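In: coords please:
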Amino acid sequence: MTGEYWLDALARPLADSLGGVLVGITSYLPNVIGALLVFLAGLIVASGLGLLVERLAVSIKLDEWLRKLGVGEYVDRSGLRLDSGKFLGQIVYWVLLITFLLAVTDILKLPQLSEFLRTDVLGFVPSLIAAMLIVLVAVVLANLLRKVISASVMSARLAGAHFLGVLVWWSVTIFGLFAAMIQLGIAREIILTLITGLIAMLALAGGIAFGLGGKEYAAHLLRKLQDQVEGKEVVKK
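Out: Residues are numbered from 1 along each chain as shown. From the prediction side, this is the model:
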């Protein structure tokens, strides 16, 4: 009796624990099945819409428009292949897939993972898109300003048309890259300090260069302005 008593005393808690585990697994199994179904649906929807966006970009000839704006030249120089349809399709694919993964984590009751996907991943997407648009606009604007300034300087028959065009292109592009990095939150304070220092350096360098190399011309302009002012005063008298 004593052996049977102790055996029953040990077996009953073990049976209760196993029963609780089985009940927990059985009650959680529908959540797992539902999460798998949602994830598979997300794969199908994300793949379909990503492919649709890719084909839409090809149908409207987005790559040709970007090459006309001068973006393709710099993409080719970097060793990459300009394929905006594939790029946009992948963005749509991953955004939708992460959105469905967020639903999966809610079904599986994983609040930490859900919060990470919601704030750190999906919350980063708008900043990433804005940064890419800033870089694109900066490159297009830099190309436009380079052509306008080079043509203006050449039409005025002044020297340094190519140099001024390249200088403007690099200035606009660098400021665009800095703005994109600030949008992404990458070393915001350091970049703002660099921009302030760069502007101050250019202003100081220009002032010194003008003061040393262009002081005679500046004096000539001041004398000419003085003569005009004094001439007007004489006429009035």
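
In: drop to CA atoms for contacts and neighbour counts, all remaining ones
Out: Will do.

In: Flag the shaky bits of the chain, pLDDT-wise.
Out: Within the chain, the segments meeting pLDDT under 70 span 1-28, 74-80, 156-160, 187-188, 191-192, 194-195, 198, 201-222, 224-237.

In: Tell me which other helices or strands the helix or strand hosting V148 touches.
Out: Using DSSP states H and E, V148 sits within helix 125-155. If contacts are counted by 3 or more Cα pairs under 8 Å, 6 or more residues apart in numbering; DSSP states H and E, helix 125-155 sits against helix 71-77, helix 161-183.

In: Tabulate the ones you listed (a markdown table), appending distance to S47 and mean neighbour count.
Out: Shown next, in a markdown table, are these (distance: least, Cα to Cα, whole Å; neighbours: other Cα atoms under 10 Å):
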| stretch | distance to S47 | mean neighbour count |
| --- | --- | --- |
| helix 71-77 | 26 | 14 |
| helix 161-183 | 29 | 19 |
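
In: Which residue ranges of the protein form helices?
Out: 2-59, 62-68, 71-77, 84-107, 111-115, 125-155, 161-183, 188-213, 215-236 (DSSP state H).

In: neighbouring contacts of the fifth one?
Out: For helix 111-115, contacts defined as Cα atoms under 8 Å, 6 or more residues apart in numbering pick out 102, 105-106.

In: got those as TSV, with distance to Q90 and neighbour count columns?
Out: Below are the contacts of helix 111-115 laid out as TSV (distance: Cα to Cα, whole Å; neighbours: other Cα atoms under 10 Å):
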residue	distance to Q90	neighbour count
L102	18	22
T105	22	17
D106	24	17
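
In: which of those residues lies closest to H162?
Out: Among the contacts of helix 111-115, L102 lies closest to H162 (Cα to Cα), at 52.2 Å.

In: circling back: list the buried residues in the helix holding V148.
Out: 127, 131-132, 134-147, 149-150, 153 (16 or more other Cα atoms under 10 Å).

In: ditto for stretch 85-99
Out: Buried, per 16+ other Cα under 10 Å, within stretch 85-99: 85-86, 89-99.

In: Please export the C-alpha coordinates of that stretch as PDB.
Out: Listed next in PDB are the C-alpha coordinates belonging to stretch 85-99 (Å, rounded to 0.1, in the frame of the first residue of the first chain):
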ATOM      1  CA  GLY A  85      10.600  48.800 -61.500                       C
ATOM      2  CA  LYS A  86      12.500  46.100 -59.600                       C
ATOM      3  CA  PHE A  87      13.500  48.500 -56.900                       C
ATOM      4  CA  LEU A  88       9.900  49.900 -56.300                       C
ATOM      5  CA  GLY A  89       8.500  46.300 -56.500                       C
ATOM      6  CA  GLN A  90      10.900  45.100 -53.800                       C
ATOM      7  CA  ILE A  91       9.900  48.100 -51.600                       C
ATOM      8  CA  VAL A  92       6.200  47.300 -51.900                       C
ATOM      9  CA  TYR A  93       6.900  43.600 -51.400                       C
ATOM     10  CA  TRP A  94       8.800  44.100 -48.100                       C
ATOM     11  CA  VAL A  95       6.400  46.700 -46.700                       C
ATOM     12  CA  LEU A  96       3.400  44.500 -47.300                       C
ATOM     13  CA  LEU A  97       5.200  41.400 -46.000                       C
ATOM     14  CA  ILE A  98       6.300  43.300 -42.800                       C
ATOM     15  CA  THR A  99       2.700  44.500 -42.400                       C
END
